[in-house]
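Trainee: Sequence unavailable; structure follows:
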């Protein structure tokens, strides 16, 4: 009985799997045809530009678009990771667009009622029959509650979870295969990136996460008059259904549009930037998709935010990095910037520190005498990240998300007010964070914590030492040795074993010859054994002191 209920799921998985295989085979088939002049004539026109076959990065973008929303999203995130793919692929993947045709509106109403567990009229005065937005995961409708409040109703697409789950399994399989076939990819940890992407996608599929993010932002900006966060109706929300206050206003695509509606582009830009910087420097939790489509400008130049599915969280060390980086940029200090980058990469003892500082200084020299207000903060930060990656150091993934968000905010600011610079607005927040780090309260707190740790160490040391000695007596003490280069370790151990064996043999020969000559009757054999063992012993000692290679 239960197996029969699973048949539709098996059918969908099979169809989706066959569709993915078809697209992948087509991609690799085009690649094979493009390698030969004769066979390239048979490639369809849509894969050609001016008679020539499209380059591989363009074909990769087209393949991801054909594979659907999961792969499009994967490509978009990959476009912001210079540590994984080259610049030409990043530029091409940034062209990916999440387009989705709306599904049947009657089906959407059925799904909404299923999530509510009651007819729509039980909770809503009405819901508009046509959607106001359609995305890869869900569809959005405008509705009105019985109290007259306008709300946004977002319902998840049917069987989207099953489709994305299958896509993620395929991505994980491909990532593992690539890591096995190309061991050099271990440096970029492509498998880890795919797993992280999968976790992000599964969170987006749970609308309660987005509702929670919106509530968190509303608490953060409760007393900020120029910021508006929609109210979430948690009593109507489920994993697949989201009901929030409907935000009205003007989208800030251009300064002229805002001026026509009586808004001040300069104040709007400043408000948007201050909202974002408060998120980053004061709370360490930020909206990672603050483009013009997710902002509405209301009366008194107030900025209302929507779409809280993509957010970023920063550790205190990440916030300190941004503050120190800003200070280093303000004073054109390559040492401060380099130290901030190394702290971010957790590379305290870095042998190539001098080379890193030289590259950062060269980058700063290219900007010459430009004022801080004249430089694009996101471009300099992006360039510094590329510099640090050349030294094969790793950057936390949240920094790439922050970099994308900063670039979006900077683009918005330039569109509304061309002469503005994000760096100018960041500096006061950075200075305030640094002052907090070195305040009397922070220092005293650190000292108290340090004293506590030492007291705990003194109290626990005797007991832990007794445990170690007890295990050693019982023969239960184990030592774990991690070897980064197994081949070198094996050859070293073999060489050590040979030396030890040779030393033991020579030692026994030398000792035996001495015993025979002192306590026994000297003979030609004992004398020969003594001479030979002495020569070998001298040779071993010379080799021990003068040979450096195993």
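Mentor: Cool, the structure landed. Every value quoted in this text rests on a predicted model; they were computed, and no experiment measured them. Numbering: from 1, shown residues only.
Trainee: Please list all residues in contact with the residue positioned nearest the centre of the chain.
Mentor: For the chain, the residue lying nearest the average C-alpha position, counting by Cα atoms, centre = their mean, turns out to be residue 397 (2.4 Å). Contacts for residue 397 (Cβ atoms under 8 Å, 6 or more residues apart in numbering) come out as 193, 196. All C-beta spots, glycine's among them, are computed from the backbone N, C-alpha and C.
Trainee: Number the chain from 301, please
Mentor: Done: numbering now begins at 301, and the last item shifts to residue 697.
Trainee: now it: how far from residue 662?
Mentor: 27 Å (Cβ to Cβ, to the nearest Å).
Trainee: which residues make contact with the strand or helix carrying residue 390 from outside it?
Mentor: Element membership for residue 390, per DSSP states H and E: helix 387-393. Residues lying outside helix 387-393 but in contact with it, judged by Cβ under 8 Å, 6+ apart, are 357-358, 360-361, 364, 375-376, 378-382, 385.
Trainee: Beta-bridge partners for residue 527, please?
Mentor: Each beta-bridge partner of residue 527 is listed here, defined by DSSP bridges: residue 603.
Trainee: need the contact list for it.
Mentor: Taking Cβ under 8 Å, 6+ apart as the contact definition, residue 527 lies against 521, 571, 575, 602-605.
Trainee: Now flag whichever of those residues is closest to residue 678.
Mentor: For these, the minimum distance to residue 678 (Cβ to Cβ) is 17.0 Å, reached by residue 575.
Trainee: Can you tell me the element the closest one falls in?
Mentor: Short version, using DSSP H and E: residue 575 is in helix 565-577.
Trainee: Residue 676 and residue 698: what is the separation?
Mentor: Using Cβ to Cβ, we find residue 676 at a distance of 21 Å from residue 698.
Trainee: circling back: which parts of the helix or strand just after the helix holding residue 390 are buried?
Mentor: Tracing the chain C-terminally past helix 387-393 and defining elements by DSSP H and E, one meets helix 405-416 next. Judged by neighbour count (16 or more other Cβ atoms under 10 Å), helix 405-416 contains these buried residues: 408-409, 411-413, 415-416.
Trainee: Redo those residues as TSV? Include distance to residue 423 and pLDDT.
Mentor: Conversion of the buried residues of helix 405-416 to TSV gives the following (distance: Cβ to Cβ, whole Å; pLDDT from 0 to 100):
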residue	distance to residue 423	pLDDT
408	16	94
409	13	94
411	15	95
412	10	95
413	10	95
415	11	95
416	6	94
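Trainee: hang on, residue 708 is in a helix, isn't it?
Mentor: Yes - per DSSP: H, G, I helix; E, B strand; the rest coil, residue 708 lies within a helix segment.
Trainee: what residues are up against the closest residue to it other than its chain neighbours?
Mentor: Take residue 708 and drop its neighbours on the chain: the residue closest to it by Cβ to Cβ, 6 or more residues apart in numbering is residue 591, 5.1 Å away. Contacts for residue 591 (Cβ under 8 Å, 6+ apart) come out as 708, 711-712.
Trainee: are any of those residues buried, and which?
Mentor: The neighbour-count test (16+ other Cβ under 10 Å) marks 708, 712 as buried among these.
Trainee: hang on, the earlier thing: for residue 680, state which of the contacts of residue 527 is nearest.
Mentor: Checking the contacts of residue 527 against residue 680 with Cβ to Cβ, the nearest one is residue 575 at 22.3 Å.
Trainee: contacting residues around the closest one?
Mentor: Listed by Cβ under 8 Å, 6+ apart, the contact set of residue 575 reads 521, 524, 526-527, 603, 605.
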